[in-house]
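Asks: the following block contains a protein sequence and its predicted model.
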Amino acid sequence: MAWKEVEPMEERIRFVIMASREDDVFSNLCREFGISRKTGYKWLNRYEEYGLAGMHELSRRPLNSPNRVEDWIESLIVRERRRHRSWGPKKLREVVADNHELESMPAESTIGNIIKRHGLTRKKKRRSKVMKPSRETLTKATRPNEVWAADFKGWFRTKDGQRCDPLTISDLYSRYVLGCRIVAGQKIESVMPVFRNVFIKKGMPEVIRVDNGSPFGSRGVCGLSKLSACWLNLGITVEFIEPGHPEQNGKHERMHRTLKDETARPPAATPKAQQRRFDRWRREFNHDRPHEAIGMQKPAQRYQCSSRRYTGSPQPPSYPLHYEVRKVKTHGAIKWKNQFYYVGEALHGMALGLIDIADGQYEVYFNDLLLGCLNEQNTGGLRPPASAPQYSPDQGAKV
């Protein structure tokens, strides 16, 4: 309605009074007030029926709402949202229907309106798009325990000022969080017991995907650290993502965002209290929280323990008979024909296999991984391999 820029109530009253006198042609009067004949008759009829009280705007809410959500269902939705403030309409719809055995639930858009009406939404910052590099060298998880991901969430301080370093491990197929433990810094001595406990309880994966930083990777041969070398010795393939590309471990990183939102904003009073939060969150994430990327299933519904059991004593590598076998010394070198050749302290105690490829040149293997070439004419470290490509973590390659 195109009333002039004055108080609409006053304009309506003037209009209906003038229209009631019938001194002017009705269409001319409507034109003078800048409204249609239909609008003019509407206000004139209201005036005749209700008097001046009819000049107020009436509520447009329908008298009957057959599709209105019942109050008790709305209460269940609001209660679940208050318990899980990061869950959206799709998860809330699934959980409320499942927990209360409801056959009919409001649409996701209706649930979204409910939580918005109760002030339970929060604005999200728009995230800029990022280029996705090729992931052809990374294994796609098609079954449980085919690929695990491991990383540190990023350290923070609890309210008492103590540093908190959460180490997380997840199964990329089922999104099942296998571990979330606070460790004493990002050191191999702190990390190895966590993996050992997970291996004992859940078995071992085929592949572990990590970044290149300590304690997972190093600047040594093939980027191996003592930890990743131990995994290789257990028969686990190690995949390094490209440096500066955490999105190559995107499923695990997305889990980190949820972990931070639901457990560390704000942090707990002490590391012990924070660990209790992590433990509660992990149980809820695995067993109660529907996951959109896996068809609104819960991770525990898709995960099962690995058949590859951890014994604690890996079998030594078995090399063909024509290989020469040498053990890596304490200082990270192997002795060959009275000379020492450095291969890296990460491989201390490991048995390596050497095969003659040319006069005075040998390829050096750790299990099936080609570490490099040894040249009898050049003492020191290994050289890039001559007969096969050198795979490195900088290429996101398997080792």
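Replies: Yes, it's here.
Asks: now for Asp359: which residues touch it?
Replies: Residues near Asp359 by C-beta atoms under 8 Å, 6 or more residues apart in numbering: none. Any C-beta I mention is one placed from the backbone N, CA and C, and that applies to glycine too.
Asks: and the worst-scoring helix or strand of the chain on mean pLDDT, what does it pack against?
Replies: Here the helix or strand of the chain ranked lowest by mean pLDDT, DSSP states H and E is strand 380-381, holding a mean of 74. In terms of contacts (3 or more C-beta pairs under 8 Å, 6 or more residues apart in numbering; DSSP states H and E), strand 380-381 is packed against strand 339-342.
Asks: now the strands for the stretch 101-250 of the chain?
Replies: 147-152, 156-157, 163-171, 177-183, 207-210, 237-240 (DSSP state E, counting those that start in this stretch).
Asks: now the second one: how far from the chain's centre is it?
Replies: Averaging C-alpha positions (C-alpha atoms, centre = their mean, to the nearest Å) puts strand 156-157 20 Å from its chain's average.
Asks: now do the first one
Replies: Taking the mean of its C-alpha atoms, strand 147-152 sits 11 Å from the chain's own mean (C-alpha atoms, centre = their mean).
Asks: hmm, back to that, adding mean neighbour count, write the strands of the stretch 101-250 of the chain out as CSV.
Replies: Converted to CSV, the strands of the stretch 101-250 of the chain look like this (neighbours: other C-beta atoms under 10 Å):
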stretch, mean neighbour count
strand 147-152, 24
strand 156-157, 13
strand 163-171, 21
strand 177-183, 21
strand 207-210, 23
strand 237-240, 23
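Asks: for Lys260, which of the ones you listed is the nearest?
Replies: strand 156-157 (8.5 Å; C-beta to C-beta).
Asks: mind listing residues that contact that closest one?
Replies: By C-beta under 8 Å, 6+ apart, strand 156-157 touches Arg163, Cys164, Ala264, Pro267.
Asks: average pLDDT for the lengthiest helix in the chain?
Replies: Longest helix in the chain, counting residues (DSSP state H): helix 271-287. What helix 271-287 shows for mean pLDDT is 96.
Asks: mind listing what's buried along it?
Replies: Pro271, Gln274, Gln275, Arg277, Phe278, Trp281, Arg282, Phe285, Asn286 (16 or more other C-beta atoms under 10 Å).
Asks: CA atoms of it as PDB?
Replies: In PDB, the C-alpha atoms belonging to helix 271-287 read as follows (Å, rounded to 0.1, in the frame of the first residue of the first chain):
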ATOM      1  CA  PRO A 271      44.400 -30.600  32.200                       C
ATOM      2  CA  LYS A 272      42.800 -33.400  34.200                       C
ATOM      3  CA  ALA A 273      39.400 -31.800  33.900                       C
ATOM      4  CA  GLN A 274      40.000 -31.100  30.200                       C
ATOM      5  CA  GLN A 275      40.800 -34.800  29.600                       C
ATOM      6  CA  ARG A 276      37.500 -35.700  31.200                       C
ATOM      7  CA  ARG A 277      35.800 -33.400  28.800                       C
ATOM      8  CA  PHE A 278      37.700 -35.000  25.900                       C
ATOM      9  CA  ASP A 279      36.600 -38.500  27.100                       C
ATOM     10  CA  ARG A 280      32.900 -37.500  27.300                       C
ATOM     11  CA  TRP A 281      33.000 -35.800  24.000                       C
ATOM     12  CA  ARG A 282      34.700 -38.800  22.300                       C
ATOM     13  CA  ARG A 283      32.000 -41.200  23.600                       C
ATOM     14  CA  GLU A 284      29.200 -38.800  22.400                       C
ATOM     15  CA  PHE A 285      30.900 -38.200  19.000                       C
ATOM     16  CA  ASN A 286      31.300 -41.900  18.400                       C
ATOM     17  CA  HIS A 287      28.000 -43.300  19.700                       C
END
